[in-house]
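Enquirer: structure for this input, please:
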Amino acid sequence: MSRGGRLADKALFIAVGSGIQSVGNAAISIFLTRLFPDQETFGSYRQVWLVFQTLLPLFLLGLPHAIYFFFGRLADGERRAFMSRALWTISASGLLFSLGLFCGAEFIARTLSSPSVAPVLRAFSLYPLFVGGSMLLFPFLVSSGRHERAVLWNTGFFLVQSALIVVMVWRSFSLEKLFASLVVLAFLRLVGAVWEIWRAHRSAPYSRLDLTLRETLSYSLPVGLSTVTTFLGQRIDRFVVSAALGTEVFAVYSVGAVEFPIITILAMAANTVMRPRIAEFHHGGEPGRILSFWREAFRKQALVMVPSAVFLFLFAPEMITWLYTSDYIGAVPVFQLYLGLALFRNLNYPLILTSTGSTRVVLLGTVAFLVFNLALNLVLIGPMGQFGPPVATLIAMGLLSVYYVARVATQLEVPWPRLVPLATWFRILMLAVVSGVAVLWVRRLGYGNFGTLALAGVLFAPLYLVLASLSRALVADDRRLILGWLRLRR
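Expert: Take a look at the predicted model:
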């Protein structure tokens with residue numbers, strides 16, 4: 001089997017694990033909208049996670065990305081020293097995060113226009129201290145070639161945490177007790193992660209690490225800052241809506257302001273296996289292989305992402321109502337706007353830049369994106385209400401993509417059209433639109449939300465695959481790969 005085939009298998013395995021987590025997250029949200037006594041409590045729960053997930057990339061210091069970048073060039077003994085130093089560094093950073101969360105709880109709650117969130121944030125404040133070190137385990141195992149074990153660890157923790165959340169909300173525990181219990185679980189996860197990393201290199205001699213902490217952080221810190229500014233830039237709309245329109249409106253908005261799991265799953269899985277491969281080409285001085293590798297990955301991802309986004313856009317009312325009840329029907333336009341972000345998932349040019357060491361270029365772009373998106377959010381929320389922020393995010397993301405294309409084209413010394421296969425992308429988009437419009441009649445049958453979605457999906461998928469094959473958007477290699485997966489053949 002070719003190296004590309006092995007990478008596809010690894011990406012599929014990671015995608016399955018991510019799929020379990022994404023479906024689980026969606027299921028938890030569905031359950032919680034029914035289990036919490038009111039939308040305000042659900043909104044407070046989502047606000048706590050929003051604060052944590054926004055700040056977490058900053059305090060990770062980009063060290064997970066540094067593992068992908070540096071690990072392949074280190075000997076076993078050096079890897080042991082590298083991971084030991086990374087764990088101590090991220091633990092110190094996590095301690096600062098926890099202190100900031102505890103001391104700044106009142107300020108954060110006032111900013112979100114939700115005073116009841118303050119005691120919950122304090123109960124949750126030790127979570128960052130414990131979870132940071134454990135989050136190094138996944139890139140460590142992936143960079144060591146043990147993708148299956150990485151997925152099993154992540155999926156196992158997620159399932160336990162999800163069960164804990166649902167049971168405690170079902171039993172009517174307060175939010176403070178719920179998040180305090182998550183802190184205990186995060187500590188157990190850290191113990192397991194440290195044991196796993198130690199076990200992998202316990203027989204390797206401890207070698208002196210020539211790679212200094214300063215060199216590591218000079219690569220990783222811009223990546224960490226870029227991640228947090230990108231994350232904040234993409235979620236600044238949630239903060240603006242929460243502060244301007246209140247907790248109840250935020251609860252409805254947060255249901256729609258999500259990217260559908262299948263899109264994020266594919267993007268994350270592909271990026272995870274592509275990152276060390278692009279770094280390998282870069283260290284080997286092969287920019288031409290980076291370009292060809294990127295173009296093929298772009299095409300394969302577009303074959304799934306684009307039709308998924310089109311189908312969900314057309315059947316968004318049925319999807320939201322089925323999952324969250326008619327009380328959240330106001331989230332439909334927001335959800336449809338957010339599907340536009342799926343197109344930018346297919347244009348992840350920062351992956352090339354960070355994998356080739358150009359981390360400061362990415363940092364500059366993300367900071368500009370954050371500032372412009374915040375300004376545009378504040379301008380549009382007045383005349384457009386809750387629909388202004390997602391429109392602002394789409395506009396800002398489009399401008400950021402133009403900037404990245406220009407920088408990658410300069411770095412690889414190629415014309416920008418070679419980086420953006422517009423003809424391929426547009427052909428796939430047209431095939432998806434034709435297939436989606438062709439099954440809209442299902443809505444008239446009156447089968448209910450789930451029945452409409454199920455029947456439309458069953459008709460849409462084969463129609464799209466047939467059209468993609470006839471138009472040669474889906475090539476023979478793609479068909480062989482799909483058949484191999486369906487037969488569970490690696």
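
Enquirer: give me the neighbour count for the residue lying closest to residue 370 once chain neighbours are set aside.
Expert: Spatially, and ignoring its direct neighbours in sequence, residue 370 is nearest to residue 233 (4.0 Å; C-beta to C-beta, 6 or more residues apart in numbering). C-beta coordinates here come from the backbone N, C-alpha and C atoms, glycine included. Residues contacting residue 233 under the criterion other C-beta atoms under 10 Å number 24.

Enquirer: now do residue 452
Expert: Using other C-beta under 10 Å: residue 452 sits among 21 other residues.

Enquirer: try residue 472
Expert: Residues contacting residue 472 under the criterion other C-beta under 10 Å number 9.

Enquirer: could you look up the SS state of it?
Expert: When classified by DSSP: H, G, I helix; E, B strand; the rest coil, residue 472 comes out as coil.

Enquirer: can you check what pLDDT the model gives it?
Expert: pLDDT, residue 472: 81.

Enquirer: isn't residue 427 up against residue 473?
Expert: Yes. Under the criterion of C-beta atoms under 8 Å, residue 427 makes contact with residue 473 at 5.5 Å.

Enquirer: name the residue in these two with the higher neighbour count.
Expert: The neighbour comparison of residue 427 against residue 473 (other C-beta under 10 Å) goes to residue 473, with 22 against 17.

Enquirer: give the contact list for the more buried one.
Expert: 303, 424, 427, 428, 431 (C-beta atoms under 8 Å, 6 or more residues apart in numbering).

Enquirer: tell me the phi and psi of it?
Expert: Backbone torsions of residue 473, given as degrees, to the nearest 10, read phi -70, psi -30.

Enquirer: roughly how far apart are it and residue 358?
Expert: With distances taken as C-beta to C-beta, to the nearest Å, residue 473 is found 31 Å from residue 358.

Enquirer: and for residue 436?
Expert: Distance from residue 436 to residue 358, by C-beta to C-beta: 38 Å.

Enquirer: between the two, which one's more packed in?
Expert: Comparing residue 436 with residue 358 by other C-beta under 10 Å, the one with more neighbours is residue 436, at 21 against 17.

Enquirer: quick one: mean pLDDT over the helix or strand that one falls within.
Expert: According to DSSP states H and E, residue 436 maps onto helix 422-438. Mean pLDDT, helix 422-438: 89.

Enquirer: elements contacting that helix?
Expert: helix 287-314, helix 448-470 (3 or more C-beta pairs under 8 Å, 6 or more residues apart in numbering; DSSP states H and E).

Enquirer: before we move on, the earlier item: narrow the contacts of residue 473 to those that are buried.
Expert: 303, 427, 428, 431 (16 or more other C-beta atoms under 10 Å).

Enquirer: how about the contacts made by the second one?
Expert: Neighbouring residues of residue 427 by C-beta under 8 Å, 6+ apart: 471, 473.

Enquirer: quick one: it from residue 397, how far?
Expert: Residue 427 is 23 Å from residue 397, where distance means C-beta to C-beta.

Enquirer: how about residue 432?
Expert: Distance, residue 432 to residue 397, using C-beta to C-beta: 20 Å.

Enquirer: so those two - more neighbours on which side?
Expert: Neighbour count, other C-beta under 10 Å: between residue 432 and residue 397, residue 432 has more, with 26 against 19.

Enquirer: where does pLDDT dip in the stretch 301-450 of the chain?
Expert: 345-347 (pLDDT under 70).

Enquirer: just the helices in it please.
Expert: Along the stretch 301-450 of the chain, counting by DSSP state H, counting those that start in this stretch, helices occupy 316-324, 332-338, 341-345, 350-355, 359-384, 388-412, 416-419, 422-438, 448-470.

Enquirer: ok, which of these comes nearest residue 255?
Expert: Nearest of the helices of the stretch 301-450 of the chain to residue 255, taken as C-beta to C-beta: helix 316-324 at 5.4 Å.

Enquirer: then the closest one to CSV, C-alphas only?
Expert: The C-alpha trace of helix 316-324 is given here as CSV (Å, rounded to 0.1, in the frame of the first residue of the first chain):
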residue,chain,number,x,y,z
ALA,A,316,-31.3,23.1,8.3
PRO,A,317,-34.8,23.7,9.6
GLU,A,318,-35.5,20.0,10.0
MET,A,319,-32.1,19.4,11.5
ILE,A,320,-32.3,22.1,14.2
THR,A,321,-36.0,21.3,15.1
TRP,A,322,-35.3,17.6,15.3
LEU,A,323,-32.2,17.9,17.5
TYR,A,324,-33.2,20.8,19.7
